[in-house]
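Engineer: Quick check, what structure comes out for this input:
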Amino acid sequence: MSQDPRHAQSRSVSVDDIGVRRQLADGSEESVTWEELSAVVIRVIPEGPWKEDVFLMLAGANGNGTAVPSGDPAADALIERLQSLPGFDNEKFVEAMTTDADEAYVVWKAEDASSN
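Structural biologist: Below you'll find the model as predicted:
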């Protein structure tokens with residue numbers, strides 16, 4: 001997963017029953033399956049009104065994952081899917097999506113990621 005999501009430009013993001021895949025402009029791909037998903041973090045990076053500043057960061061149990069900009073066309077489907085996860089913290093999610101603080105909000109964690 002990219003250390004700084006601002007520097008990896010998406011070419012396309014797909015959300016399906018298997019997981020989330022993000023094709024990057026350089027031809028590489030980041031992905032995580034629902035089965036291996038271990039945490040969801042909303043990363044807010046204040047950049048002003050003209051740059052993407054909220055990223056949905058999905059971490060897999062084995063260090064893989066991806067960061068999806070909240071403005072991506074696939075973000076609505078992704079958010080809907082994430083909100084159906086058991087134990088998803090919707091209040092913290094709303095707070096993260098409406099703040100301009102430079103912060104990371106953990107909105108969901110697998111109860112025991114190591115047992116997946």
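Engineer: which stretches of this protein have low pLDDT?
Structural biologist: In the predicted model, the chain carries pLDDT under 70 at residues 1-8, 10, 48-52, 112-116.
Engineer: Please enumerate the helices of it.
Structural biologist: 75-83, 90-98 (DSSP state H).
Engineer: same for the last one, what does it pack against?
Structural biologist: Helices and strands touching helix 90-98, as assessed by 3 or more Cβ pairs under 8 Å, 6 or more residues apart in numbering; DSSP states H and E, comprise strand 37-44, helix 75-83, strand 103-109. Using the backbone N, CA and C atoms, a C-beta is placed for each residue, glycine as well.
Engineer: Quick check: residue 102 vs residue 46, distance?
Structural biologist: Note on residue 102: its distance to residue 46, by Cβ to Cβ, to the nearest Å, is 5 Å.
Engineer: To clarify, my last question referred to residue 91.
Structural biologist: Using Cβ to Cβ, one gets 21 Å for the distance from residue 91 to residue 46.
Engineer: Neighbour count for the two, which is higher?
Structural biologist: Per other Cβ atoms under 10 Å, whichever of residue 91 and residue 46 has more neighbours is residue 46, with 12 against 8.
Engineer: Identify the residues contacting that one.
Structural biologist: For residue 46, the contact set (Cβ atoms under 8 Å, 6 or more residues apart in numbering) comprises 53, 100, 101, 102.
Engineer: Share the number of residues neighbouring the second one, please.
Structural biologist: Applying the criterion other Cβ under 10 Å, we find 12 residues in the vicinity of residue 100.
Engineer: picking that back up, quick one: which two of the contacts of residue 46 are the most distant?
Structural biologist: With Cβ to Cβ as the measure, no two of the contacts of residue 46 lie farther apart than 53 and 101, at 10.8 Å.
Engineer: hey, what's in contact with both of the two?
Structural biologist: 44, 46.
Engineer: hmm, back to that, just name the most buried of the helices and strands packed on helix 90-98.
Structural biologist: Most buried of the helices and strands packed on helix 90-98 by mean neighbour count (mean count of other Cβ atoms under 10 Å) is strand 37-44; its value is a mean of 21.
Engineer: With that, I have no additional questions.
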